[in-house]
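S.K.: Here is my input; please provide its structure:
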Amino acid sequence: QVQLVESGGGLVQAGDSLRLSCAASGLTFSTYTWGWFRQVPGKEREFVALVTRSGSTYYTDSVKGRFTISRDNAKNTVYLQMNSLKPEDTAVYYCAASSQLVRLDTQNSYRYWGQGTQVTVSS
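M.R.: Next up, the predicted model:
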């Protein structure tokens, strides 16, 4: 079965960095677009970043210039490097896999999801 396992979350101070990892198994990693989403209690899950099969990347405006998404097809792993973290980045972060070609910034386009990892940024 498909498994996505996130790691790397934690408690940091504003301005610090974290790198999230998402290790995938049970699917052909290279054929999927990979995304990171985040969610805070009481709010909808929101798009953060994605990397397509060809390696193109897209980010939500609030993280541009601070976050970098990357993929390693040999390791079946997608990463989210988060720099200059802000308290408003606090959320549970989820990785997800999509075989769609459009609307890749929407969670409904993603079929497989990890369990999430908590990121807390203190001021």
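S.K.: Now the most centrally placed residue in the chain: which helix or strand?
M.R.: The centre of the chain sits closest to W36, judged by Cα atoms, centre = their mean, with a distance of 2.1 Å. Per DSSP states H and E, W36 falls inside strand 33-39.
S.K.: Which neighbouring elements make contact with that strand?
M.R.: strand 18-25, strand 46-51, strand 67-72, strand 77-82, strand 91-98 (3 or more Cβ pairs under 8 Å, 6 or more residues apart in numbering; DSSP states H and E). Any C-beta I mention is one placed from the backbone N, CA and C, and that applies to glycine too.
S.K.: Need those strands in JSON lines (columns: distance to S7).
M.R.: Shown next, in JSON lines, are these (distance: least, Cβ to Cβ, whole Å):
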{"stretch": "strand 18-25", "distance to S7": "5"}
{"stretch": "strand 46-51", "distance to S7": "16"}
{"stretch": "strand 67-72", "distance to S7": "14"}
{"stretch": "strand 77-82", "distance to S7": "10"}
{"stretch": "strand 91-98", "distance to S7": "10"}
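S.K.: Tabulate those in TSV, adding columns for mean neighbour count and mean pLDDT.
M.R.: Below are the helices and strands packed on strand 33-39 laid out as TSV (neighbours: other Cβ atoms under 10 Å; pLDDT from 0 to 100):
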stretch	mean neighbour count	mean pLDDT
strand 18-25	19	98
strand 46-51	21	98
strand 67-72	18	98
strand 77-82	23	98
strand 91-98	23	98
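S.K.: Now do the contacts for the nearest residue to T52 once chain neighbours are set aside.
M.R.: Once flanking residues are discounted, T52 sits nearest to T33: 4.9 Å by Cβ to Cβ, 6 or more residues apart in numbering. By Cβ atoms under 8 Å, 6 or more residues apart in numbering, the contact set of T33 is 50-53, 97-100, 104.
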